[in-house]
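Colleague: What follows is a protein structure lacking sequence information:
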């Protein structure tokens, strides 16, 4: 599943609760600005890179954890042109 990171404090809480870790470079980039718009954009860009890579590797499906942020999913799907890249 893909969960776009749109808020640094939120993802730190989630990661701590489940014992997950995130790449330090990604966390550092998120922390560059205490700005919701910045963190949203950085998270969307990261998700776009992950999804493009998964599609290139011919994954059979993707699941998105929206967490009430459908705007992030919309931006991601438009950027990777997902409907034209997945065979039906």
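Modeller: In hand now; what should we look at? Every value quoted in this text rests on a predicted model; they were computed, and no experiment measured them. Residues are numbered from 1 along each chain as shown.
Colleague: In the protein, where's the longest helix?
Modeller: When every helix of the chain is counted residue by residue (DSSP state H), the longest turns out to be helix 36-56.
Colleague: Next, the buried residues of it.
Modeller: For helix 36-56, burial by neighbour count (16 or more other C-beta atoms under 10 Å) applies to 39-40, 42-48, 51-52. No exception for glycine: its C-beta is placed from N, CA and C like everyone else's.
Colleague: cool, and stretch 15-26?
Modeller: Within stretch 15-26, judged by 16+ other C-beta under 10 Å, no residue is buried.
Colleague: what is the mean pLDDT for it?
Modeller: Within the predicted structure, the mean pLDDT of stretch 15-26 is 92.
Colleague: What is the end-to-end distance of that stretch?
Modeller: Its first and final residues considered, stretch 15-26 spans 14 Å by C-alpha to C-alpha, to the nearest Å.
Colleague: ok, residues contacting that stretch?
Modeller: Residues external to stretch 15-26 that are found in contact with it (C-beta atoms under 8 Å, 6 or more residues apart in numbering): 5, 11, 14, 42, 46.
Colleague: ok, now which ones touch the last one?
Modeller: Going back to what we said before, that points to residue 46. Neighbours of residue 46 in contact, by C-beta under 8 Å, 6+ apart: 4-5, 26.
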